[in-house]
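Asker: just to be clear, the model below is a prediction. Sequence and coordinates:
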Amino acid sequence: MAREFPLERTRNIGIIAHIDAGKTTTTERILYYAGMTHRIGEVHDGATTTDYMEQERERGITITSAAVTCSWRRRIGQEGFDSKQNPEFRINIIDTPGHVDFTIEVERSLRVLDGACVVFDGVAGVEPQSETVWRQADRYGVPRMCYVNKLDRTGANFFRCVDMIVERLKAKPAVMTLPIGNEHTFTGLIDLVRMKSINWSNEDMGSEYQLGPIPAEYAEQAAEWRDKLLSQCGDFDDGIAEKYLEGQEVGEEELVAALRKATIALKLVPTFCGSSFKNKGVQYLLDSVLDYLPSPIDIPPVNAKDLHDEKHIIVRTANDSEPLTALAFKLLNDKFGLLTFIRVYSGVLKKGMTVLNARTGKRVRLGRLVLMHADKRNEIEECYAGNICAAMGVECVTGDTFCDEDNPVVLERLTVPPAVVTLAIEPKTKLDQEKMGIGLARLAAEDPSLRLKTDEETGQTTIAGMGELHLEIIVDRLKREFNVEINIGKPQVAYRETITKTQEEENTYKKQTGGKGQYAKITIVIEPNESGKGFEFINDTVGGTVPKEFVPAVEKGVFGALTRGIRAGYPVVDVKVSLTDGGFHAVDSDARAFEICASQAFQEAARKAGPIILEPLMKVEVVTPDDWMGDVIGDLNSRRGQVQGMDDRAGMKVITANVPLAEMFGYANSVRSRTQGRASYTMEFSHYESVPNAIAEQIIAKAGLK
């Protein structure tokens, strides 16, 4: 079966943004104008294509990323061009959640996408989650476009949003369009590439537009911003720089080529305006996806590690003739069974073929392959390099690499953020016990940010996740999808422990039981590690004082002690452990003895190394009318919050603070009651910080440990 769309006419993009910026509404318009749907579904009606889960439609938010595929030809100013001059492109789109509790969905989507469209609310501008998704895109080197949405709303200001992109995101926006009118008078935009106006009527759902001259009252402004655009492009293109300095006219194709080059190199971010809900600007945005965002052959090849030698890096390019390399980036359980979303980086994935799972080392047979359209699917025979598909019924976990059996490689796994909230759950009946176990196992496989734990002494099951809403959705899915009746406890904070001093500890473990005994002796040095570095183990022994076959057992013993905590039973983080000396017995020493010895040594050393408890601090942003600013700040201070700054936004006060998560439970009701329901807030995980001594003692007492 031949490839339908060549690689240079393929785009894999994500729609990313803060919650309620208009991602799903924009995606819905894209599908309508591309002919994939015949009516526009609205979020407030619970009728959108990509928000298909019951929980999404009830709450009006996106919870899980949804993949859709459409084809598109350039529209604006392309009338009269035939299919050779204006060919069709395939666009694979992933609509991602905006709520911080589901940030893993954005993380794994950006891991496999070639480009992204970042949507901003024209009133709110750059919001906290906007910064988070921007940093995630930076981490994976994803070229971006900015789309300032909702310019029809009261308080919208396109130019203030552009300034915020510069100030908060440290980006270089290349302004491509200017708004004609603002708020209720917003009717269209000025195209700074063609220097034309584009206006939409409200009668045909935005399908028709009028291309014309720039209105006289906007001529001076358009000339000013066109000059800025040429100056920016001149910094990256000598030909344009020369013409700009000599006052010569720069052609449309030349300007588009320079902008594309700068965008893919992460030097500039093309920035557009519009109003998706009012059906203005979406076609131009789609044209620009083709013009400026990269195809799979425009981005650097993916680096994979040789499965048998991790130091050996193997480069895989987007080429059908190369050995198969593919990444399972998302799992989904629905009414038809298990779906595995796969990005093919090289080679061809074929229905019925056998591949190697690099993590397990097992051969896996791929049955049916499908192309996803939200919750609908179309069966396909093959998926070529540079494309995204889904396989049905494949047992794997998120981040697994599928590769050619004769050319085994492994791709970098996903970065999973730390869980900050835990919740105790228990089944109501014995029948529910089994169903709950099955349900949790499937949900954990689907969602890497969900952690499960069973207390060995009490048998109590706890789930840990990114926030209250995250765990609320998990519980709701257990009830609806797996028919489990459960009792739930109160949400708890996921504390951590660490040390503040360096400590050396020598420990000898002896056990004699009549036959073969157990003997191990080690000396370790523990010291604080850099924040966020986690656990680091170093073998500094010389002369075989600890045989090399027992060193992994020492590391395993220390790691086991880390999970049990020091003072309150919470996991220990950011610790460096060096094995410096030891001793062994030719007969009685074994791996188990060294593991126990290491665990005891670490626990004893940690108790002397100034142990402290860490708590998650949340970055909280409260938007409130000026009248209640004092009340809001006072309330944040009473919650041990540290106000970081205050700003004005569309006649409202914006307060940014770092507040311990332990103090934020129930904050939604509190802030509403204090401001007569007029304030709103968002929060996201910021960092871990030490708990004050008085509160630490309460945490230790509650844990019941000495």
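Answerer: Right, received. Where do you want to start?
Asker: can you give me the end-to-end span of stretch 497-510?
Answerer: 29 Å (CA to CA, to the nearest Å).
Asker: gap between it and the chain center?
Answerer: Relative to its chain's centre, stretch 497-510 lies at 37 Å (CA atoms, centre = their mean, to the nearest Å).
Asker: buried residues in that stretch?
Answerer: 497-499, 503-505, 507, 509 (16 or more other CB atoms under 10 Å). C-betas here are computed from N, CA, C, even on glycine.
Asker: what residues of the helix or strand hosting residue 244 count as buried?
Answerer: Applying DSSP states H and E as the criterion places residue 244 in helix 238-246. By neighbour count with 16+ other CB under 10 Å, helix 238-246 contains the buried residues 240-241, 243-244.
Asker: and those, which two are the farthest apart?
Answerer: 241 and 243 (7.5 Å; CB to CB).
Asker: name the nearest residue to residue 665, sequence neighbours excluded.
Answerer: With CB to CB, 6 or more residues apart in numbering as the criterion, residue 665 has its nearest non-adjacent residue at 6.3 Å, and that residue is residue 491.
Asker: what is the helix holding residue 244 packed up against?
Answerer: Counting contacts by 3 or more CB pairs under 8 Å, 6 or more residues apart in numbering; DSSP states H and E, helix 238-246 packs against helix 219-234, helix 252-264.
Asker: look up the closest residue to residue 392, ignoring the ones flanking it.
Answerer: Nearest-residue entry for residue 392: residue 368, 4.5 Å, with adjacent residues in sequence omitted and distances by CB to CB, 6+ apart.
Asker: tell me who's in contact with that neighbour.
Answerer: Contacts for residue 368 (CB atoms under 8 Å, 6 or more residues apart in numbering) come out as 351, 379, 391-393.
Asker: and for residue 33?
Answerer: 75, 206-207, 282-283, 286.
Asker: what's the neighbour count on residue 568?
Answerer: If you count neighbours by other CB atoms under 10 Å, residue 568 ends up with 21.
Asker: check the secondary structure at it for me.
Answerer: With DSSP: H, G, I helix; E, B strand; the rest coil as the basis, residue 568 sits in coil.
Asker: next one, pLDDT for the nearest residue to it once chain neighbours are set aside please.
Answerer: Counting by CB to CB, 6+ apart, residue 568 lies nearest to residue 703, which is 4.1 Å off, once chain neighbours are set aside. Here, the pLDDT recorded for residue 703 equals 76.
Asker: wait, residue 703 sits on residue 613?
Answerer: No - using CB atoms under 8 Å, residue 703 makes no contact with residue 613, being 9.7 Å away.
Asker: ok, these two, which is more surrounded?
Answerer: residue 613 (24 against 15).
Asker: name the residues that touch the helix holding residue 244?
Answerer: Helix 238-246 is contacted from outside by 230-231, 233-235, 248-250, 254-255, 258, using CB under 8 Å, 6+ apart.
Asker: hmm, 6 Å instead?
Answerer: Here helix 238-246 makes contact (CB atoms under 6 Å, 6 or more residues apart in numbering) with 230, 233-234, 250, 258.
Asker: now, among these, which is nearest to residue 632?
Answerer: For the contacts of helix 238-246, the nearest to residue 632 is residue 233 (44.2 Å; CB to CB).
Asker: spatially nearest residue to the closest one, not counting backbone neighbours?
Answerer: Using CB to CB, 6+ apart, the closest residue to residue 233 is residue 258 (4.4 Å).
Asker: quick one: the one you found and residue 237 touch, right?
Answerer: Yes - contact criterion CB atoms under 6 Å: residue 258 and residue 237 qualify, at 3.9 Å.
Asker: can you list the buried residues in stretch 135-154?
Answerer: Buried-residue list, stretch 135-154, by 16+ other CB under 10 Å: 136-137, 142-153.
Asker: that one spans what distance, first to last residue?
Answerer: With CA to CA as the measure, stretch 135-154 spans 29 Å from end to end.
Asker: one more: stretch 4-17?
Answerer: Distance across stretch 4-17, first residue to last, is 31 Å (CA to CA).
Asker: so which bits of that stretch are buried?
Answerer: By neighbour count with 16+ other CB under 10 Å, stretch 4-17 contains the buried residues 5, 7, 9-17.
Asker: same deal with stretch 221-237?
Answerer: 222, 225-226, 229-230, 232-234, 236-237.
Asker: what would the residues you listed look like in a markdown table with distance to residue 655 and pLDDT?
Answerer: Output for these, formatted as a markdown table (distance: CB to CB, whole Å; pLDDT from 0 to 100):
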| residue | distance to residue 655 | pLDDT |
| --- | --- | --- |
| 222 | 37 | 94 |
| 225 | 33 | 95 |
| 226 | 38 | 93 |
| 229 | 36 | 93 |
| 230 | 40 | 92 |
| 232 | 34 | 91 |
| 233 | 39 | 90 |
| 234 | 41 | 89 |
| 236 | 39 | 85 |
| 237 | 43 | 85 |
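Asker: so what does residue 541 have for phi and psi?
Answerer: With angles defined as degrees, to the nearest 10, residue 541 sits at phi -80, psi 150.
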